[in-house]
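J.: what follows is a predicted protein model with its sequence.
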Amino acid sequence: MSTNIEWVKNKDGTKGESWNPWQGCHKISTGCRECYMFRDKKRFGQNPNKVIRSSAKTFEAPLKWKESKRIFVCSWSDFFIDEADGWRQEALEIMGKCSHHTFLLLTKRPQNMLKAFKDVGTPDNIWLGVSVENQKTADERIPILLDIPAKVRFVSIEPMLGAVDVTNFLGNQDAEQDTSAHAIWRGEIPGIDWIIAGCESGPGARPCNPDWARHLRDQCVEAGVPFFLKQLSQDGKIIKMPFLDGGKWDQLPGSIVSKKETVHEDASKVEKPTYREGDLDKFIGCAPGLTEGLSAREYIDNIHHNQEASDEKTTET
């Protein structure tokens with residue numbers, strides 16, 4: 001089934017798919033409080049806490065999709081929930097037969113994900129992610145994710161219930177090491193490859209300070225890691241794909257991972273990116289100082305400066 005989840009997009013920009021080989025889940029942390037699955041299941045007269053295997057047609061659906069797709073797995077459950085232990089290997093085998101697809105596995109149970117992949121490795125067409133909501137869950141779950149080799153490792157901070165510092169998870173921050181975007185692209189620094197963020201939705205949604213998103217965005221810019229801002233709230237209304245400091249932040253791993261093959265040791269040989277306000281979707285994730293042109297940090301600082309000048313002018317008039 002095609003999904004409206006903004007960060008699940010095919011390579012051509014079209015909607016990706018969601019695949020639920022099983023359904024149902026249990027709330028295990030504060031980020032689960034407003035989960036849409038619980039509301040929807042109850043609306044359909046079903047028990048959201050009961051984990052059930054889907055029909056054979058649904059379970060085997062990816063085998064029928066001939067065109068390459070990006071697929072979010074278990075949007076109505078957790079792929080690594082305990083009750084699915086007897087079905088998980090069969091689902092992984094289906095993924096193995098569908099090398100033309102890319103499967104995104106997002107979990108709040110990374111300890112079970114580690115058990116599943118520690119002895120067998122992770123196929124290139126499976127991206128692994130953890131869902132966190134605050135600093136506590138980030139510090140608990142992200143280190144486990146980083147113990148699992150995968151082509152792409154990502155973090156979803158949604159709902160974002162507080163400021164989250166992921167600096168130490170985006171690569172080796174030792175000043176004596178090469179912490180440039182080049183090293184990250186070359187795969188020499190193990191770290192998170194993609195950060196997603198968004199406010200909480202639902203009837204009891206808790207507030208989200210836009211500065212939390214800015215802080216997270218700035219960390220990603222410094223590390224050369226793509227950042228995707230899915231939604232923010234404004235006056236009680238959810239704004240999908242909001243503008244933040246002059247542009248939309250809708251970066252996907254593909255735009256940066258593809259640079260790995262073309263990066264040169266000499267930074268001066270790297271294609272120099274250009275930035276325009278309102279055109280941040282073309283930002284390629286360069287860390288400051290890698291080019292002779294405007295760095296991402298300088299670009300953001302300029303936006304902040306222009307906004308402050310505009311505010312002062314408005315106040316004067």
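T.: Right, received. Where do you want to start?
J.: OK, contacts around G202?
T.: Contacts were defined as C-beta atoms under 8 Å, 6 or more residues apart in numbering; by that measure G202 touches 34-36, 39. Quick note: C-beta positions are derived from backbone N, CA and C, even for glycine.
J.: any idea which of those is closest to D250?
T.: Y36 (21.2 Å; C-beta to C-beta).
J.: residue contacts, the closest one?
T.: Taking C-beta under 8 Å, 6+ apart as the criterion, Y36 is in contact with 201-202.
J.: what's the pLDDT at the residue positioned nearest the centre of the chain?
T.: Using C-alpha atoms, centre = their mean, the residue of the chain that lies closest to the mean C-alpha position is I196, 3.4 Å off. Per-residue confidence at I196 stands at 98 (pLDDT).
J.: mind checking how far it is from L63?
T.: Counting by C-beta to C-beta, to the nearest Å, the gap from I196 to L63 is 28 Å.
J.: try R153
T.: Separation of R153 from L63 (C-beta to C-beta) stands at 26 Å.
J.: M1 too?
T.: Applying C-beta to C-beta, one obtains 15 Å for the distance of M1 from L63.
J.: now L170
T.: Computed as C-beta to C-beta, the L170 to L63 distance reads 36 Å.
J.: and stretch 40-53, how far apart are its ends?
T.: Terminal residues of stretch 40-53 are spaced 17 Å apart (C-alpha to C-alpha, to the nearest Å).
J.: what's the average pLDDT for it?
T.: In this model, stretch 40-53 has a mean pLDDT of 97.
J.: other residues contacting it?
T.: Outside of stretch 40-53, the residues within contact range by C-beta under 8 Å, 6+ apart are 21-26, 37-38, 59, 76-77, 81, 83-84, 87.
J.: which of those residues fall within helices?
T.: 37-38, 59, 87 (DSSP state H).
J.: determine which two of those are furthest apart.
T.: Of all pairs drawn from the ones in helices among the contacts of stretch 40-53, the one with the longest distance (C-beta to C-beta) is F38 and F59, at 22.3 Å.
J.: which stretches of this structure form helices?
T.: Using DSSP H, the helices of the chain run over residues 36-43, 56-59, 85-97, 110-117, 135-145, 181-186, 210-223, 253-257, 296-316.
J.: rank those helices by pLDDT, which is bottom?
T.: Confidence, taken as mean pLDDT, is least for helix 181-186 of those (a mean of 40).
J.: that older thread, ok, R153 and L63, which is more surrounded?
T.: Here R153 and L63 are set side by side on neighbour count (other C-beta atoms under 10 Å), and the busier one is R153, at 22 against 11.
J.: the more buried one bridge partners, please.
T.: Bridge pairing for R153 (DSSP bridges) gives the partners L128.
J.: correct me, but it touches D147?
T.: No - between R153 and D147 no contact is recorded; they are 10.1 Å apart, counting by C-beta atoms under 8 Å.
J.: so what's the residue count around Q219?
T.: When counting by other C-beta under 10 Å, one arrives at 19 neighbours for Q219.
J.: number of residues surrounding the nearest residue to it once chain neighbours are set aside?
T.: If the residues on either side of it in the chain are set aside, Q219 comes closest to T167, at 5.4 Å by C-beta to C-beta, 6 or more residues apart in numbering. Close neighbours of T167, defined as other C-beta under 10 Å, add up to 12.
J.: from D193, how far off is T167?
T.: In terms of C-beta to C-beta, T167 sits 15 Å off from D193.
J.: next up, the contacts around P110.
T.: For P110, the residues meeting the contact criterion (C-beta under 8 Å, 6+ apart) are 80, 130, 141, 144-145, 148.
J.: try it again with 6 Å
T.: Contact criterion C-beta atoms under 6 Å, 6 or more residues apart in numbering gives 130, 141, 144-145 as the residues in contact with P110.
J.: pretty sure S18 sits against S2.
T.: No - taking contacts as C-beta atoms under 6 Å, S18 lies outside contact range of S2: 7.7 Å.
J.: quick one, which of those two is more surrounded?
T.: The residue with the greater number of neighbours, taking S18 and S2 and applying other C-beta under 10 Å, is S18; the counts read 19 against 12.
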